[in-house]
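Colleague: Sequence plus predicted model, see below.
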Amino acid sequence: MAYETIALETDARGIATLTLNRPEVHNAMNGLMWEEGLEATQRLAADDAVRAVVLAGAGKSFCSGADLKYQLAQREAGTAEKAAEADKFVRWLQALDTLPKLLIGRIQGPAYAGALGLISVCDLAIGVDSLVFAITEARLGLMPAMISPYVMRRLGGAAKARRYFLNGRRFDAQEALSVGLLDRVVAPQELDRAIEEEIGLLLQCGPQAVGKIKQLIAHVAHLGFEQALSYTPGQVIGMWDSAEAAEGMASFLEKRKPAWVAAVRHENGGSEDGQ
């Protein structure tokens, strides 16, 4: 499928890269990007050959947030149309958040406003050490409404949200690392190597297990402690019944690689099996 605002490609290992592709406007998001992003994310979720997704930005910026010209145009729309447009971003964020694959954020350039929502739904976010971030909506008389559940969860609650939501203060990569927005900070020339390290670890893991573990984390996070204790035994029963778990345990006992671990041929002619 041809896209106007994003790019999508998948390599032979099943590693997909979903790229925000409006570099001329610093990858500012509009309704079409939200539509195309949702369609691509749903397609990736349904594709059993896809093992992980890298969320990236084209050009110098990761994403500058929502396109202000697009947002200003919503003043002329009716209430129902406004709601439909806002729902596009809500649905895309939810699809990314619940994607049954590892989602890695490749943050190569500045990220503002709604971009922090995209970062916050990544399982791992790796950024370069020169990054600048800001949740800038308040400066423009706007609200970070749709991203707030994800950013607040990522930052650890209301106190941190007040620190960053209310004044639009800029902060750097090290601060982003310290508050949990980023998981790793590296030099620009090390960014792709760092992402490949995470992919190498992922390729050792059972594809179905990764998706189920993401569901487990999401569900247990909303349970009380006693409820979680009651919920988890049923998950273990299902795990023991799965063919993937049987293969994983058998491969360990038989001192061989599990079926999902495939050798990867590199440009230098060598190979890597992830072990």
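Modeller: Now that the structure is in, tell me what you want to look at. Numbering: from 1, shown residues only.

Colleague: helix or strand for the residue nearest to the spatial centre of the chain, which one?
Modeller: Centroid-nearest residue in the chain: residue 122, 2.5 Å away (criterion: C-alpha atoms, centre = their mean). According to DSSP states H and E, residue 122 maps onto no helix or strand at all.

Colleague: I'd like the distance between it and residue 198.
Modeller: Going from residue 122 to residue 198 by C-beta to C-beta, to the nearest Å gives 11 Å. (C-beta placed from N, C-alpha, C; glycine too.)

Colleague: Quickly list what's touching both of the two.
Modeller: Here residue 122 and residue 198 share the contacting residues residue 104, scored by C-beta atoms under 8 Å, 6 or more residues apart in numbering.

Colleague: My guess is residue 91 contacts residue 38. True?
Modeller: Yes - here residue 91 reaches residue 38: they are 5.4 Å apart, a contact under C-beta atoms under 8 Å.

Colleague: Between the two, tell me which one has more neighbours.
Modeller: Remark: of residue 91 and residue 38, residue 38 carries more neighbours, 19 against 16, as counted by other C-beta atoms under 10 Å.

Colleague: Could I get the phi/psi values of that one?
Modeller: phi -60, psi -50 (degrees, to the nearest 10).

Colleague: now it, nearest residue through space, not along the chain?
Modeller: Residue nearest to residue 38 in three dimensions, not counting chain neighbours: residue 92, with 4.3 Å by C-beta to C-beta, 6 or more residues apart in numbering.

Colleague: ok but that neighbour is inside a helix, no?
Modeller: Yes - secondary structure of residue 92 (DSSP: H, G, I helix; E, B strand; the rest coil): part of a helix.

Colleague: On the pLDDT front, check it for me.
Modeller: Looking at residue 92, its pLDDT is 98.

Colleague: same deal with residue 83?
Modeller: Residue 83 is assigned 95 on the pLDDT scale.

Colleague: Next: residue 238.
Modeller: 88.

Colleague: And for residue 165?
Modeller: If you check residue 165, the pLDDT there is 97.

Colleague: ok, now which ones touch it?
Modeller: Neighbours of residue 165 in contact, by C-beta under 8 Å, 6+ apart: 135, 137, 138, 144, 148.

Colleague: If we use 10 Å, what do you get?
Modeller: Residues in contact with residue 165, defined by C-beta atoms under 10 Å, 6 or more residues apart in numbering, are 135, 137, 138, 143, 144, 147, 148, 151, 152, 155, 158.

Colleague: Could you do residue 83 as well?
Modeller: For residue 83, the contact set (C-beta under 10 Å, 6+ apart) comprises 77, 90.

Colleague: which stretch of helix or strand covers it?
Modeller: According to DSSP H and E, residue 83 maps onto helix 79-97.

Colleague: Leaving out chain neighbours, which residue sits closest to residue 24?
Modeller: Looking at residue 24 with C-beta to C-beta, 6+ apart, the closest residue is residue 59, at 7.8 Å.

Colleague: So that neighbour versus residue 190, what's the distance?
Modeller: To residue 190, residue 59 is 20 Å away according to C-beta to C-beta.

Colleague: Ramachandran angles for the residue nearest to the centre of the chain?
Modeller: With angles defined as degrees, to the nearest 10, residue 122 sits at phi -70, psi 140.

Colleague: surely it meets residue 93?
Modeller: No - applying C-beta atoms under 10 Å, one finds residue 122 not in contact with residue 93, separated by 11.1 Å.

Colleague: Give me the common contacts of those two.
Modeller: residue 150.

Colleague: okay, now the domains of the chain?
Modeller: In terms of domains, the chain is parsed into 6-201, 205-272 (source: automatic domain parsing).

Colleague: if you compare the ones you listed, which one is most tucked away?
Modeller: Most buried of those, by mean neighbour count (mean count of other C-beta atoms under 10 Å): domain 6-201, with a mean of 18.

Colleague: Between the two ends of that one, how far is it?
Modeller: Using C-alpha to C-alpha, to the nearest Å, the end-to-end distance of domain 6-201 comes out at 27 Å.
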